[in-house]
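Q: After the sequence you'll find the predicted model.
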Amino acid sequence: MTASDFAYLALFLLSLLAVTPLLGRWLAGVLEGTPPRFLRWLLPVERVIYRLGGIDARADMTWKHYAGALIIFNVLGFVTVFALQLLQARLPLNPADFSAVPLGVAVNTAVSFMTNTNWQAYSGEASLGYLTQMAGLGVQNFLSAATGLAVMAVLARGLTRKSTRGLGNVWADLVRTTLYVLVPLSFLLAVVLVSQGVVMSFSGYTTATTLEGAQQIIPSGPAASQIAIKQLGTNGGGFFGLNSAHPFENPTPLSNFLQTLAILALPAGCVYAFGRLTGARRHAWVLFGVMTAFLIGALSLSLWSEYSSPGSASLALEGKEVRFGITPSLLWANATTVASNGSVNAMHSSLSPLAGGIALFNMLLGEIIFGGIGSGLYGMVMIVILTVFLAGLMVGRTPEYLGKKIESFEVKMAAIAVLVPCLAVLVGCAASFATEAGRTAVGNGGPHALTEILYAWGSMANNNGSAFGSLTATGNLYTYGGALAMLIGRFAVLIPVIALAGSLAAKKTTPPSDGTFPTDGSLFAALLIGVIVIVAALTYFPALTLGPVLEHLLLTSGRTF
């Protein structure tokens, strides 16, 4: 590594630290119903939306009403994306005359974008028309991100309200987060990306003749607007098949830096917003510190693994774009996997065994290290609930979290949210190994094959969306089975979180006492880190040992696959 590499990493971390409180205050204000002054000209637009939808934004919902409305909203999103894919041959803005998407891939894609996973079993420029990309996938990028923010807001209200069943209004939360946060930020980032050369056009594809005399089709499309929200909303689905390694999505080092920062900016801002919404700012900084420690640790191990070879200058560039280099590519790989983003600017299957294993481990932690927008924060709080429960067991007291007693119902909901996605990963892997369809889809042999399968199911069940590109994911097992895993990974966490928030809101606030375990100090941070590692290690250690760890050990002895 050179001095410029260290400077690049330092600039990134400092930039992330700088934008976190700015975006956190913005988010908290919007969720409290007070958007920033420079956006209050949109208040009439908000009121018109409510009037057209027949919405009373001041009407509180119970947790069951809130969860039910959110599920119906997401189902409508699924139906829209699914229909656009099947009907695109008859729709306008399809200059390449693409036919309907195959049924299995259409189901998988609709579920993927509804759940904020953006797993892609297709190549956008070879499968989807512009209208399908914009009205289907692009719109769902906004709405799935707004869903995560809404659930985070519900959790914060559950912790601050007392003796009530009301948790806010789902429609108000969705409209405000989209109108005042996601749309303005995406517009600004899209304009900057266009200035860097990201394509934004409704022109058809161009046929060019290469120097060798062959015909080449150069794709185009309204990509910049979708790229902006795909990063800010931790969606990750690329307009083109190569995702952010494609020069039309990510042409320059500056666009690469800004997109990497955009991946983590709002998830980090959610942590700060949670502190403001609950009045527990010191606790929020502890959570931010734990997340940052995991990110730096994962990045450090990845860099060591890629640069440890004497021939790293050439070997480590395999699968990476030379316009970015090794260090920015590894920073992106870790940012996109600690967040549930999943976009890539390099091929993760080409990473060294340990670097690829670390990207996998980041996801298997449950996407709680920053994680998805909103969802990463509430996923981390589920681990915090388990941590304070264990601390309460050790001192023989009823555990408390931010003034609310944690009892059996809350622990059960947290356990469901943490463990059910793990079950989906392991059952999916078992199905892949047990069936011919699962085994033949793998493009590599040896331990790398196991890692490839574990990565796929870990990505889908944890709503990440990235993949080892050598896996053929268009068969029924990975389309329909993967869709089920994505649904489990999203709603088996989301619904318990809302139920837990409803239970907490109905309780009274308990003032802290001498026996209350403080959640804003270094002891709590250390205990939280331990619980995170132990949960992941107990669940996945055997599989990780037989996959990336074994491949690394064999590589050091000269064996490759």
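A: Alright, I've got the coordinates. Because the structure is a prediction, the values reported are computed rather than measured.
Q: Please enumerate the strands of this protein.
A: Counting by DSSP state E, the chain has these strands, from start to end: 206-209, 215-218, 400-401, 404-405.
Q: Single out the most deeply packed of those strands.
A: For the strands of the chain, the stretch with the most neighbours on average is strand 400-401, a mean of 22; neighbours defined as mean count of other C-beta atoms under 10 Å. C-beta coordinates here come from the backbone N, C-alpha and C atoms, glycine included.
Q: Can you report how many residues neighbour the closest residue to Leu277 other than its chain neighbours?
A: Residue nearest to Leu277 in three dimensions, not counting chain neighbours: Ala156, with 3.8 Å by C-beta to C-beta, 6 or more residues apart in numbering. For Ala156, the tally of surrounding residues (other C-beta atoms under 10 Å) stands at 28.
Q: what does Glu212 give?
A: As a burial measure, Glu212 scores 6 neighbours (other C-beta under 10 Å).
Q: Where does pLDDT dip in the stretch 251-400 of the chain?
A: Counting by pLDDT under 70, the stretch 251-400 of the chain shows low-confidence ranges at 309-314.
Q: Quick check: Ile218 touching Thr209?
A: No. With contact defined as C-beta atoms under 8 Å, Ile218 does not reach Thr209; the gap is 11.1 Å.
Q: so who does Gly521 touch?
A: Val286 (C-beta atoms under 8 Å, 6 or more residues apart in numbering).
Q: Hmm, I typed the wrong one, I wanted Lys230.
A: Contacts of Lys230 were listed using C-beta under 8 Å, 6+ apart, and they are Asn118, Asn141, Gly236, Gly237, Gly238, Phe239, Ser343.
Q: how about a cut-off of 10 Å?
A: Residues counted as contacts of Lys230 (C-beta atoms under 10 Å, 6 or more residues apart in numbering) are 118, 137-138, 141, 145, 186, 223, 236-239, 243-244, 249, 259, 262-263, 341-343, 465.
Q: Same check on Gly289?
A: Contacts of Gly289 were listed using C-beta under 10 Å, 6+ apart, and they are Val271, Ser522, Ala525, Leu528, Ile529.
Q: now do Pro447
A: Under the criterion of C-beta under 10 Å, 6+ apart, the contact list for Pro447 reads 353, 357, 545-555, 559, 561.
Q: repeat for Gly233
A: Shown here is Gly233, whose contacts under the criterion C-beta under 10 Å, 6+ apart are 116, 118, 140-146, 148-149, 178, 181-182, 185-186, 262-263, 266, 341, 372-374.
Q: Over to Val442?
A: Under the criterion of C-beta under 10 Å, 6+ apart, the contact partners of Val442 comprise Ser432, Phe433, His448, Ala449, Leu450, Glu452, Ile453, Ala456, Phe468, Ser470, Leu471, Thr472.
Q: State the distance from it to Tyr455.
A: Going from Val442 to Tyr455 by C-beta to C-beta, to the nearest Å gives 11 Å.
Q: same deal with Leu487?
A: When distance is defined by C-beta to C-beta, Leu487 is 19 Å away from Tyr455.
Q: Same check on Gly166?
A: Counting by C-beta to C-beta, the gap between Gly166 and Tyr455 amounts to 42 Å.
Q: Among these two, which residue is more densely surrounded?
A: A count of neighbours by other C-beta under 10 Å puts Tyr455 above the other of Gly166 and Tyr455, at 28 against 17.
Q: Quickly note the distance from that one to Phe468.
A: Taking C-beta to C-beta as the criterion, Tyr455 is separated from Phe468 by 5 Å.
Q: shouldn't Phe73 be in contact with Ala146?
A: Yes. Contact criterion C-beta atoms under 10 Å: Phe73 and Ala146 qualify, at 9.4 Å.
Q: what ranges do the helices span in the stretch 51-200 of the chain?
A: Under the criterion DSSP state H, counting those that start in this stretch, helices of the stretch 51-200 of the chain are mapped to 63-87, 103-114, 124-127, 130-131, 139-160, 170-177, 183-196.
Q: Nearest the middle, which residue of the chain would you pick?
A: Central residue check for the chain by C-alpha atoms, centre = their mean: the C-alpha nearest the mean position is that of Ser340, 1.9 Å away.
Q: Show the contacting residues for that residue.
A: Each residue near Ser340 by C-beta under 10 Å, 6+ apart is listed here: 115-118, 148, 234-236, 263, 267, 362-363, 366-373, 375-376, 379, 459, 462-466, 489-490.
Q: Helices - which of the residues you listed land there?
A: Gly148, Ile263, Pro267, Asn362, Met363, Ser375, Gly376, Gly379, Ser459, Gly489, Arg490 (DSSP state H).
Q: Need the outlier residue of this protein, farthest from its centre.
A: Gly213 (42.8 Å).
Q: just checking, Leu554 touches Gly446?
A: Yes. Counting by C-beta under 10 Å, Gly446 is a contact partner of Leu554 at 7.4 Å.
Q: got a list of what the closest residue to Lys404 other than its chain neighbours touches?
A: With C-beta to C-beta, 6+ apart as the criterion, Lys404 has its nearest non-adjacent residue at 4.8 Å, and that residue is Leu504. Residues touching Leu504, when contacts are defined by C-beta under 10 Å, 6+ apart, comprise 63, 155, 157-162, 167, 385, 401-407, 409-410, 413.
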